[in-house]
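Trainee: predicted structure and sequence below. I'll ask about it afterward.
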Amino acid sequence: MFDTLSDRLGGVFDKLRGRGALKEQDVRDAMREVRIALLEADVALPVVRRFIDGVTEQAVGHAVLKSITPGQQVVKIVNDALVEMLGGDETVGLDLHATPPVVIMMVGLQGSGKTTTTAKLAKLIKEKHGKKALMASLDVNRPAAQEQLAVLGEQVGVATLPIIAGQQPTDIATRALNAAKLQAVDVLLLDTAGRLHVDQQLMDEMKAVSAISAPQETLLVVDSLTGQDAVNVAQSFGGQVDLTGVILTRMDGDARGGAALSMRAVTGKPIKFAGTGEKMDAIEPFHPGRVAGRILGMGDIVSMVEKAAATIEADDAERLAQRMAKGQFDMNDLRMQLRQMQNMGGLGMLAGMMPGMKKAKAAMASSGMDERVLLRMDAIIGSMTPKERAKPELLNAKRKIRVANGSGTQVQDVNKLLKMHQEMGRAMKQIKKMGGLKGLAAMFGKGGLGAAMPGLDQPGMGGAGMGGGMGGASLPGLGGMPSNLGDLLKKK
C-alpha cells in the first residue's frame with residue numbers, strides 16, 4: 001500500500017545519508033520533497049503542514065546538524081514523527097473488559113467491507129481472546145445482507161442471530177441483546193446498515209441502535225482506497241456517534257496511504273485494526289511503529305516472526321529441527337519450507353518486511369522473478385516419486401526429463417531446484433558439525449551471533465549477514481535459503 005510513498009521517501013533520505021555534513025538548507029530542501037511526497041500520497045493538507053513544521057523544527061537544530069551522522073538523525077526524527085502521526089508507540093486493542101455481553105457496534109458506508117470485517121473480528125475474538133461471540137445483522141436495506149453475515153458466520157464458526165423478516169434495526173438490536181444474555185455470550189457484534197453516502201436517516205438509525213445497545217466499542221470501518229474522503233466520512237460519523245476506533249480495510253491494495261496517515265491526526269480516534277486481504281484471518285492489529293518502519297524501508301521483522309509463528313505447524317518445525325540436528329534435508333523438507341513461505345505471503349511479502357530489502361525486492365521484479373516461482377518449484381517436487389523426493393541423487397537425466405514434463409517446466413528448472421537443495425543440504429551438514437541445534441544455540445548464547453553472521457549486529461541489519469542473502473538457518477520457516485536465491489529462481 002505504501003510502496004510509492006516509501007520509494008519517494010527512500011530517495012530523499014538516501015541523499016541525506018550520502019553526505020557527511022548537512023546545512024540547514026539541505027534539510028529544508030529534503031523536507032520540501034517529503035511534503036510533496038505526502039501530498040501525492042493523498043494525506044490531508046493540515047496534517048502535512050503540522051508534520052513538516054514539527055520535523056523541520058527538530059531537524060535544523062544544532063544537535064542534529066553538528067552530529068556525526070546528521071542524515072541518520074533526520075531519518076530518526078521523521079520516523080518518530082510518523083509513529084506519532086499514526087497513533088503513538090502503543091497499539092490500541094479492543095476493550096472487552098466489561099460486564100457481558102460486551103457490545104461492539106460496526107458502522108460505516110456501504111461497500112467499505114463492514115460485514116466481512118465483522119466476521120473477521122468475531123473470528124479473532126473467538127480464537128485470540130477465547131470468548132464466545134454472537135453476530136447480528138441490522139442491515140434491512142441491502143438485499144441479502146443478513147444472509148451474507150449468516151454464511152460468513154458458518155465459515156468462521158461463530159453463531160449469528162436468526163433472521164426474522166420485516167423486523168426493524170432497533171427491534172433486531174433488542175432481540176440480539178436478549179439472545180446474548182440468554183446464551184451467556186461474551187461479545188455481541190452488531191453489523192449496522194450502510195449507505196452509499198452519509199445521510200441523516202442513517203445517522204438517526206445508528207443513534208437509536210446505540211441508545212438501545214450501549215456499545216462498549218463503536219468501530220468505524222473505512223475503505224483505505226478512498227483516500228481523503230475516508231477522513232471526511234470519519235468526521236461525519238464521529239459527529240453523530242461516539243466512535244472508539246477505526247478499522248481500515250484493503251490495506252493490501254494499491255492505495256496511496258493518505259487515509260491511514262491522516263485518520264488518527266484528523267479524528268483523534270485510534271486505528272485499531274487493518275484488513276489485509278479477503279480471507280477470514282486477514283485482519284491484524286494496527287501497529288503504528290511497524291507501519292512507520294515499512295514506510296521508511298526499515299522493515300518489520302517483528303510482524304514477520306509473528307506471521308511465521310502463526311503459519312508454521314509445530315509438528316513440522318519439530319520434525320525439521322530433528323532432521324537438521326542429524327544433518328538431513330530431503331526434497332520433502334524443502335517442499336515444506338516452500339509451502340511455509342507461500343503461507344507467509346510469498347517472496348514479495350517477506351522481502352517487504354525485512355530491513356534494507358526494498359532494493360532487493362525491486363531487483364527481484366526486474367530480474368523476472370514473480371510470486372509463481374514458489375508454485376513452480378512445488379510442482380517440480382510434486383512430479384517426483386516418493387523415492388526421488390527422499391533421495392534426490394536418484395534423479396538421472398531420464399528421470400529429470402520425466403519430472404520436467406510432469407510439472408510443465410524444463411530440465412534447467414529441475415537442475416536449478418536440485419542445486420538449491422544441495423546448497424541447503426550443505427548448510428544442514430554444517431549445523432551438524434557445529435554440534436547440532438544445541439551447538440548453534442550455545443554459539444548464539446555466548447554472544448557469537450554478530451561474529452558468526454557479520455552484519456546482523458548492525459543498525460537495520462543491513463550488513464553482509466542479511467544484505468548478501470538469507471544464509472544458514474537465520475529465519476524461522478525459511479530453512480536456510482542459499483545466498484544465490486535470485487539466480488536459482490529466475491523465471492525463464
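Mentor: Happy to help now that I have it.

Trainee: tell me how many other residues surround residue 430.
Mentor: Residues near residue 430, counting by other Cβ atoms under 10 Å, number 14. Just so you know, the C-beta spots here come from the backbone N, C-alpha and C atoms, and that holds for glycine as well.

Trainee: same question, residue 278
Mentor: For residue 278, the count of nearby residues is 11 (other Cβ under 10 Å).

Trainee: after the helix or strand residue 404 falls within comes which helix or strand?
Mentor: Element membership for residue 404 (DSSP states H and E) is helix 397-407. For helix 397-407, the following helix or strand on the C-terminal side (DSSP H and E) is helix 411-433.

Trainee: list the helices and strands that next one packs on?
Mentor: The helices and strands touching helix 411-433, judged by 3 or more Cβ pairs under 8 Å, 6 or more residues apart in numbering; DSSP states H and E, are helix 314-325, helix 331-343, helix 372-382, helix 397-407, helix 436-443, helix 485-489.

Trainee: please redo it, this time with the cut-off set to 7 Å
Mentor: Packing partners of helix 411-433 (3 or more Cβ pairs under 7 Å, 6 or more residues apart in numbering; DSSP states H and E): helix 314-325, helix 331-343, helix 372-382, helix 397-407, helix 485-489.

Trainee: for it, the averaged confidence score.
Mentor: Across helix 411-433, pLDDT averages out at 80.

Trainee: got it, and stretch 160-172?
Mentor: pLDDT averaged over stretch 160-172 gives 92.

Trainee: who touches it?
Mentor: Defining contact as Cβ atoms under 7 Å, 6 or more residues apart in numbering, one finds that stretch 160-172 is touched by 134-136, 138, 140, 146, 149-150, 153, 175-176, 179, 192-193, 205, 208-209, 212.

Trainee: could you redo the last one with a cut-off of 8 Å?
Mentor: Here stretch 160-172 makes contact (Cβ atoms under 8 Å, 6 or more residues apart in numbering) with 134-140, 146-147, 149-150, 153, 175-176, 179, 192-193, 205, 208-209, 212.

Trainee: may I ask which helix or strand of this protein has the lowest mean pLDDT?
Mentor: Sorting the helices and strands of the chain by mean pLDDT, DSSP states H and E puts helix 464-467 at the bottom, at a mean of 32.

Trainee: weakest of the helices and strands packed on helix 411-433 in terms of mean pLDDT?
Mentor: Mean pLDDT is lowest for helix 485-489 among the helices and strands packed on helix 411-433, at a mean of 42.

Trainee: how does the chain divide into domains?
Mentor: What automatic domain parsing lists as the domains of the chain is 3-86, 102-295, 301-489.

Trainee: wait, which of these is closest to residue 95?
Mentor: Residue 95 lies closest, by Cβ to Cβ, to one member of those: domain 102-295, at 5.7 Å.

Trainee: centre of the chain to that closest one, how far?
Mentor: Chain-centre distance of domain 102-295: 20 Å, with Cα atoms, centre = their mean, to the nearest Å.

Trainee: so how far does that domain reach from one end to the other?
Mentor: This stretch, domain 102-295, spans 35 Å end to end (Cα to Cα, to the nearest Å).

Trainee: check stretch 215-234 too.
Mentor: Length of stretch 215-234, first residue to last, Cα to Cα: 18 Å.

Trainee: same thing with stretch 278-292?
Mentor: Terminal residues of stretch 278-292 are spaced 24 Å apart (Cα to Cα).

Trainee: need the contact partners of it.
Mentor: By Cβ under 8 Å, 6+ apart, the surrounding residues in contact with stretch 278-292 are 2, 79, 82-84, 86-89, 91, 93, 116-117, 119-121, 123-124, 152, 155-156, 247-248, 252, 260, 264, 270-276, 298, 300, 302-303.

Trainee: any chance you could list what contacts stretch 81-97?
Mentor: The contact list for stretch 81-97 (Cβ under 8 Å, 6+ apart) reads 47, 51, 54-55, 102, 104, 125, 129, 131, 186-187, 216-217, 244-245, 260-261, 264-265, 270-272, 285-289, 291-292, 295-296.

Trainee: what's the average pLDDT for that stretch?
Mentor: Averaging the model's pLDDT scores along stretch 81-97 yields 81.

Trainee: where are the low-confidence patches of the stretch 151-300 of the chain?
Mentor: For the stretch 151-300 of the chain, the stretches with pLDDT under 70 are 196, 227, 253-257, 297-300.

Trainee: show me where it has its strands.
Mentor: Per DSSP state E, counting those that start in this stretch, the stretch 151-300 of the chain has strands spanning 159-160, 187-191, 217-223, 245-249, 271-275, 283-285. These are given in chain order.

Trainee: out of those strands, nearest to residue 26?
Mentor: Going by Cβ to Cβ, the one of these nearest residue 26 is strand 271-275, 33.3 Å.

Trainee: the inter-axis angle of that closest one versus strand 245-249?
Mentor: If you take axes from the mean of the first three to the mean of the last three Cα atoms, to 10 degrees, strand 271-275 sits at 20 degrees to strand 245-249.

Trainee: and for strand 271-275, what's in contact with it?
Mentor: Strand 271-275 is contacted from outside by 86-87, 92-94, 113, 116-117, 120-121, 219, 245-252, 260, 263-264, 282-286, 288, using Cβ under 8 Å, 6+ apart.

Trainee: quick check: residue 114 touching residue 193?
Mentor: No - taking contacts as Cβ atoms under 8 Å, residue 114 lies outside contact range of residue 193: 9.1 Å.

Trainee: quick one, which of those two is more surrounded?
Mentor: Between residue 114 and residue 193, residue 114 has the larger neighbour count (other Cβ under 10 Å), namely 26 against 21.

Trainee: which residue of the protein sits farthest from its center?
Mentor: Farthest-out residue of the chain from its mean C-alpha position, per Cα atoms, centre = their mean: residue 398, at 43.7 Å.

Trainee: against residue 414, how distant is it?
Mentor: To residue 414, residue 398 is 12 Å away according to Cβ to Cβ, to the nearest Å.

Trainee: likewise residue 215?
Mentor: Counting by Cβ to Cβ, the gap from residue 215 to residue 414 is 58 Å.

Trainee: these two touch, right, residue 180 and residue 132?
Mentor: No - between residue 180 and residue 132 there is no contact, the gap being 9.3 Å when judged by Cβ under 8 Å.

Trainee: more neighbours, these two?
Mentor: residue 180 (25 against 16).

Trainee: residue 338 reaches residue 376, doesn't it?
Mentor: No - at 10.0 Å, residue 338 does not count as touching residue 376 under the criterion of Cβ under 8 Å.
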